[in-house]
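Novice: Starting from these lines, generate the structure:
(chains A and B)
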2 protein chains.
Amino acid sequence: MHTAWSVNGKLTGVDPRDRGLAYGDGLFETMAAAGGAIRWLDYHLERLVAGCERLAIPAPRDAELRREIAAQTPPRDRAVIKVIVTRGIGARGYRPPADAVPTVIVGAAPWPSAHSADPVALVTCATRLGENPHLAGLKHLCRLEHVLAQLELQKRGLDEGLLLSTSGHVVSATSNNVFAAFGARVCTPRLDRCGVRGVMRRLVLEACVPLGLVAQEVDLDVTDLTQADELFVTNSLFGVRPVCRLDDQTYAVGPVTRRLAARLGAIGSD
Amino acid sequence: MHTAWSVNGKLTGVDPRDRGLAYGDGLFETMAAAGGAIRWLDYHLERLVAGCERLAIPAPRDAELRREIAAQTPPRDRAVIKVIVTRGIGARGYRPPADAVPTVIVGAAPWPSAHSADPVALVTCATRLGENPHLAGLKHLCRLEHVLAQLELQKRGLDEGLLLSTSGHVVSATSNNVFAAFGARVCTPRLDRCGVRGVMRRLVLEACVPLGLVAQEVDLDVTDLTQADELFVTNSLFGVRPVCRLDDQTYAVGPVTRRLAARLGAIGSD
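Specialist: Sure, this is the predicted structure:
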């Protein structure tokens, strides 16, 4: 398995003054690769560039980014390709340099061993997500809340949890977006105060129309989830996966989840 | 000026898989050095170790940390010494490795050119701080909100702003804690939902007692600040500095600020 990383195209370490390390001042993408190609690459790059715009980080040139990604993508095997873009090296202090030159870090990691079609059991995490509309939706590098949630899950022997915002709304799972189906109505949190707008979340919202489903971004509370016919989670690696349990409640795998999973499953999923 | 950085005692780059970069999974300290010594070093290290405990990061050994810091501290000139401790290298994903080995990064930066005794003008930032009691008080690496606040200030040609929480309480200035004096009563936000508990903030709270002042950690709103007799800000580099203006309101430099500044001023401040 190819495990090298490149930093600005060189096989080297990251400058300790990089603002990505110092302040979480950057963004990342986690992408599925197989047969030398990245799945949904255009959507990932679109989100990355949109994130750079919102943070006023100069976006790396598209051709360079694609070249770096191609250089790290193994020719055959499934792999996880990660791209980090930071605001680059800066002087001490929060103030961004006027002439920021972004750092682009690209690396490959082995495909996870978890079975992609397995239903997921969720528990509601005590760790909640702070709300900030200016950062909501972005896949930025400030993820300590997710790390604390994972510490909590680790103690309970679980892999994935449900995350609420500090005001008590449902946001997402720890490494996935979350959807609730009420008949043919497919609802997901609107993510205007926190959370990450996943690429697979976007694909699911787009896929609903041709499948005759009604997609809605709404405010969801835990009690709404208890009334759902189906729950499922989504991310770029595993596509659509059914939720079989949330805390004390169990859910059957339903037709909406099956149809979306068939359309948007993981690469080479079995 | 000595500008080298060390990563785990070596003059090298940071591993791109380091969780400090990937997720902001770490802490930092910014300290004032002069004549080869670090001011308030014990307090900084105490906060760093307490932060490691709260994040379940194995704390680096005290003797090693002090040795690394001493190695980067210039023998004579004033300098800013920065220490970053991260959870170290991890596999992909938010879940912390069971056997985390922390990364210790130490570097020196030139002393800032700003005049330390100058009164500070503040404006209230539109960027607010998300609330998370689990992270409140920590000087962790997830600082994108502070970066966004600085982008805002940069556009307005200012250096320092007042930060409110998303629920509208006063938290701090962008790179300082904030205090309001009402007669001999010295109040600062309690920071139980967000914000950084600064070393100089602690020193001010401790210094109040021998000076016959009453220190209080309270909830403060902007309207409370408009009724204060004096406002001042604190950090480890500049000690105590008077605030001369907050938005449209001006403040005179008062006796409480003068007495605390005299006791806790910057190294070699003039």
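Novice: For residue A:206, pull up the helix or strand it's in.
Specialist: Secondary structure assignment for residue A:206, by DSSP states H and E: helix A:199-208.
Novice: In terms of secondary structure, what does the longest helix along chain A contact?
Specialist: Looking across chain A with DSSP state H, the single longest helix is helix A:41-55. The contact analysis (3 or more Cβ pairs under 8 Å, 6 or more residues apart in numbering or on different chains; DSSP states H and E) places helix A:41-55 against strand A:26-34, helix A:62-72, strand A:79-86, helix A:199-208, helix B:144-155. The way it works is simple: take the backbone N, C-alpha and C, and place the C-beta from them, glycine included.
Novice: try 6 Å
Specialist: Where contact means 3 or more Cβ pairs under 6 Å, 6 or more residues apart in numbering or on different chains; DSSP states H and E, helix A:41-55 is packed against strand A:26-34.
Novice: Show me what from chain A comes close to chain B.
Specialist: A:5, A:7, A:12-14, A:16, A:20-21, A:23-25, A:56, A:80, A:92, A:94-95, A:105, A:107, A:109, A:127, A:130-132, A:134, A:140-144, A:146-148, A:150-151, A:166 (Cβ under 6 Å from any Cβ of the partner chain).
Novice: Which PyMOL command selects the buried ones in those residues?
Specialist: Selection of buried members from the residues of chain A next to chain B for PyMOL, criterion 16 or more other Cβ atoms under 10 Å in any protein chain shown:
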select buried, chain A and resi 5+7+13+14+16+20+21+23+24+25+80+92+94+95+105+107+109+127+130+131+132+134+140+141+142+143+144+146+147+148+150+151+166
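Novice: about what we covered before: just the mean pLDDT for the longest helix of chain A, thanks.
Specialist: Mean pLDDT, helix A:41-55: 98.
Novice: Below-threshold pLDDT in the stretch 151-270 of chain A: ranges please.
Specialist: The model of the stretch 151-270 of chain A has pLDDT under 70 over residues A:266-270.
Novice: Closest residue of it to chain B?
Specialist: residue A:166 (5.2 Å; Cβ to the nearest Cβ).
Novice: same check, this time on chain A
Specialist: residue A:13 (1.9 Å).
Novice: ok, and the closest non-adjacent residue to that residue?
Specialist: Spatial nearest neighbour of residue A:13, excluding adjacent residues (Cβ to Cβ, 6 or more residues apart in numbering or on different chains): residue B:13 at 1.9 Å.
Novice: Pull the contacting residues for the one you found.
Specialist: Applying Cβ atoms under 6 Å, 6 or more residues apart in numbering or on different chains, we find residue B:13 in contact with A:12-14.
Novice: Show the backbone phi and psi for residue A:196.
Specialist: phi -110, psi 130 (degrees, to the nearest 10).
Novice: likewise residue A:233?
Specialist: Per degrees, to the nearest 10, the backbone of residue A:233 is at phi -120, psi 160.
Novice: Near it, how many other residues are there?
Specialist: By other Cβ atoms under 10 Å in any protein chain shown, the residues close to residue A:233 number 27.
Novice: Not counting sequence-adjacent ones, nearest residue to it?
Specialist: residue A:176 (3.6 Å).
Novice: those strands in the stretch 151-270 of chain A, which residues are they?
Specialist: With strands called from DSSP state E, counting those that start in this stretch, the stretch 151-270 of chain A shows them at A:160-164, A:170-173, A:177-182, A:185-189, A:214-218, A:230-235, A:239-246, A:249-250.
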